[in-house]
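**Student:** Build the 3D model from these lines:
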Amino acid sequence: MWSTGSARSTGCPVRHRQGTGSALLCACVLASLVAAGPSPADEAPGESAEVDPTRLVAPAESSERTPLALRNLTGDLHLSGMTFVGSRGDVTEFVLRAREALFRPDTKIAELEDVHVNGSESVPEERFVVQCARGELNVETSDFYAEGDVQGTTHDGKLYRAPWVRYDHEQALLFSDAPVTLVEPEGTFRGDGFRYHVKDGSFRLLGNVRVVQTP
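**Tutor:** Take a look at the predicted model:
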């Protein structure tokens, strides 16, 4: 599964394969790396920042699933038109596209802008869509976090909206604990969160579920 992205508008194939633990960046991206210098944490060590529980958490140490090219980066990598393919074995499970991306090698997290995610095209029952203004992608685990006017659809056409949504790639679980609106043919509903199990196509609203009355 190959995808295209660019560093400073230079096209480059990118592949990530969950399970086999491989990810590749081609030489054209490496030649276009833009070093942003040391991170603020390197320049001014001090008290650790508070952790936002809605954000992705990177592993304490780089694992072998991080490609060598990314592990060797000393500065941030800016990408335009980035595409990331999350796979398990030879099966593509989702394709993430972002208009702009900033990869931070110290955290293994890519910060994204104007994001669109499509679930499996090969298995109709596992299709899903996520769109958002901003997001974060863990390049080691293929987990992602979406925020800012988040909306999307399930495999059977249900429409959901929420302030933020996370995707756990290992569990194939799309979820949020923020207020969510669900629109389906039977009506419009609101809840205090949701769980969408992609593999079996089950969508469940959480807590204080109510029907939205329409005029």
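**Student:** which stretches of this protein form helices?
**Tutor:** Ranges of helices in the chain, per DSSP state H, are 27-31, 40-43, 68-71.
**Student:** The ones you listed: lowest mean pLDDT?
**Tutor:** Mean pLDDT values for those show the minimum at helix 27-31, a mean of 31.
**Student:** and the longest strand for the protein?
**Tutor:** Of all the segments assigned as strand in the chain under DSSP state E, the longest by residue count is strand 91-104.
**Student:** show me where pLDDT drops low in this protein?
**Tutor:** 1-74, 215 (pLDDT under 70).
**Student:** buried set for stretch 81-93?
**Tutor:** 81-87, 92-93 (16 or more other CB atoms under 10 Å). Yep, even glycine has a C-beta here, placed from its N, CA and C like the rest.
**Student:** Turn those into JSON lines, columns for distance to residue 147.
**Tutor:** Below are the buried residues of stretch 81-93 laid out as JSON lines (distance: CB to CB, whole Å):
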{"residue": "81", "distance to residue 147": "21"}
{"residue": "82", "distance to residue 147": "18"}
{"residue": "83", "distance to residue 147": "20"}
{"residue": "84", "distance to residue 147": "17"}
{"residue": "85", "distance to residue 147": "22"}
{"residue": "86", "distance to residue 147": "19"}
{"residue": "87", "distance to residue 147": "25"}
{"residue": "92", "distance to residue 147": "25"}
{"residue": "93", "distance to residue 147": "21"}
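**Student:** Distance-wise, check the residue nearest to residue 174 when sequence neighbours are not counted relative to residue 178.
**Tutor:** Of all residues not flanking residue 174 in the chain, residue 196 sits nearest, at 4.2 Å (CB to CB, 6 or more residues apart in numbering). Distance from residue 196 to residue 178, counting by CB to CB, to the nearest Å: 14 Å.
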